[in-house]
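Enquirer: Curious how this folds, go ahead:
(chains A and B)
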Amino acid sequence: MATQADATADREEALRFYETEDHPHAPATLIGFWLYLMSDCLIFAVLFATHAVVGRNYAAGPSPADLFDLKLVALNTAMLLFSSITYGFAMLEMAKERRGATLLWLAVTGLFGIAFVALELYEFSHLIHEGATPQRSAFLSSFFVLVGTHGLHVSVGIVWLAVLMVQVAQRGLQEDNKRRLMCLSMFWHFLDVIWIGVFSFVYLMGTLR
Amino acid sequence: MSSTTSAQSVEAHGKDSVEDEPHGTFKGYVTGFVLAAILTAIPFWLVMGDVLGDSRVTGIVVMAFAMVQVVVHMIYFLHMNTRAEGGWTVLALIFTSTVVIITLVGSLWVMHHLNVNMMPMSVEDMKKHMH
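Expert: Numbers count the residues shown, from 1 in each chain, chains lettered A, B, ... in the order given. Sure, this is the predicted structure:
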C-alpha cells in the first residue's frame, strides 16, 4: 500500500513539466545588470583593439616611454585595488545588517575612488601641459579615449556610490537598497578588471616598446 | 518522500531573493586582495626594474600575469561560479569573451596585413615593378 502511494507520488513528480511557483524578480535584476556589464566590456574591447592597432603611431611625437610615469600608475592601481577590497568589506557588513559599518566602508571606497580619478586627472593635465594632447598623434588619441572612458566610468560609479549612501542613510538596508548595492558592487569590481587590462597593456607594454 | 521534496523546493524558492546571493567571505576578499596585489606588483617590478632584459619576453609575462589576475578578480571579487543564475552568467561571459577575442585578434590581424602591404617600396623594388 505504502509502496503504491510512493509510486503514485513519484509519477506525479515526474509528470510536472511546468513551474508551479512564481519566481521573485530580484535576481533577474542582477543577471540583467551582468548582461549590461558584458556589453560595456565590448565597448572597452573595441577601444583596446583601436589602441592595439594605432598605439605605435607616434607621428614623430612622444612615445609611452617618454611620457608615462609608472610610479604614478602603480599608485593609481593601488588606489583602485584598495577600493575593491573596501567595497567587499561594505558588502560583508551589509550581509550582517550593520548600516553604520556599511556606510563607513562605502565612504572609504568612495575616497579611494576619488583619489584614483584625481591622480588620473593630474596625469592627464600633466601630459597636456607637456604638449602630449589627444590631437598630437594617433597613439595619444586612442590613449586618451581608452583611459578617459575608464575614468569616466569610475567617476559615474562615485556619483552612484554617493547617491546610494544617501539612500541607505535615509531608508536603511532594505531589500531595494541591497539589490542596488549589489549592482554597484559588480560595476565597481568590473571596472577594476578593466583597469588590469589598462595598466598591463597600455602602460606596461607601452613602456616596453 | 514527495513531501520532503516539495518542502525542499519551497524552501529553495522562498530563499530565492537578494538574501540568497553570494556576498563572499572576509577570507575570500583578503585572499583575492593578496593574490591581486602580488599579481600586480610582479609585472610592475619586471618592467620598472628591467629584470628580464628582453622586452618581448617581459611583454608576454606581463600579459600572462594580467590574464591570471582577471581570473582572480572574477572568482574572489565578482564571485563568479558555474552555478550562479543557473549558469547564465558564465554563458554570457563565454559569449562576450569570444566576441572580445575575435575583435582584438581580427583587428590586429587585418591591420597588420594592411600595414605590410602598404610598406613603402625601395628603389630596387620600384624598378622591378616598372619593368
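Enquirer: What is the least confident helix or strand in chain B?
Expert: Taking mean pLDDT, DSSP states H and E as the measure, the helix or strand of chain B with the lowest value is helix B:2-14, at a mean of 41.
Enquirer: Give me the average confidence score over the next helix or strand after that helix.
Expert: Sequence-wise, the next helix or strand downstream of helix B:2-14 (DSSP states H and E) is helix B:26-48. Averaged over helix B:26-48, pLDDT sits at 96.
Enquirer: Helix B:26-48 near chain A anywhere?
Expert: Yes: using Cβ under 8 Å from any Cβ of the partner chain, helix B:26-48 reaches chain A at B:26, B:29-30, B:32-33, B:36-37, B:40, B:43-44, B:47-48. (Glycine included, C-beta is placed from N, CA and C.)
Enquirer: From these, list just the buried residues.
Expert: The neighbour-count test (16 or more other Cβ atoms under 10 Å in any protein chain shown) applied to the residues of helix B:26-48 next to chain A identifies B:29, B:32-33, B:36-37, B:40, B:43-44, B:47 as buried.
Enquirer: Which residue is the nearest non-sequential neighbour of B:Phe77?
Expert: A:His189 (4.2 Å; Cβ to Cβ, 6 or more residues apart in numbering or on different chains).
Enquirer: list the contacts for the one you found?
Expert: Shown in contact with A:His189 (Cβ atoms under 8 Å, 6 or more residues apart in numbering or on different chains): A:84, A:87, B:73, B:77-78.
Enquirer: Burial check on A:Ala78, number of neighbours?
Expert: A:Ala78 has 16 neighbouring residues, counting by other Cβ atoms under 10 Å in any protein chain shown.
Enquirer: meant to ask about A:Arg179, not that
Expert: Close neighbours of A:Arg179, defined as other Cβ under 10 Å, add up to 19.
Enquirer: Cross-check the contact I'm expecting between it and A:Phe33.
Expert: No: here A:Arg179 does not reach A:Phe33: they are 9.3 Å apart, not a contact under Cβ atoms under 8 Å.
Enquirer: give the contact list for A:Thr102.
Expert: A:Thr102 makes contact with A:90, A:93-94, A:168, A:173, A:181, according to Cβ under 8 Å, 6+ apart.
Enquirer: quick one on the thing from earlier: want to throw the contacts of A:His189 into JSON lines with distance to A:His129 and pLDDT?
Expert: JSON lines is the format used below for the contacts of A:His189 (distance: Cβ to Cβ, whole Å; pLDDT from 0 to 100):
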{"residue": "A:Ser84", "distance to A:His129": "31", "pLDDT": "96"}
{"residue": "A:Tyr87", "distance to A:His129": "33", "pLDDT": "97"}
{"residue": "B:His73", "distance to A:His129": "34", "pLDDT": "96"}
{"residue": "B:Phe77", "distance to A:His129": "35", "pLDDT": "94"}
{"residue": "B:Leu78", "distance to A:His129": "37", "pLDDT": "92"}
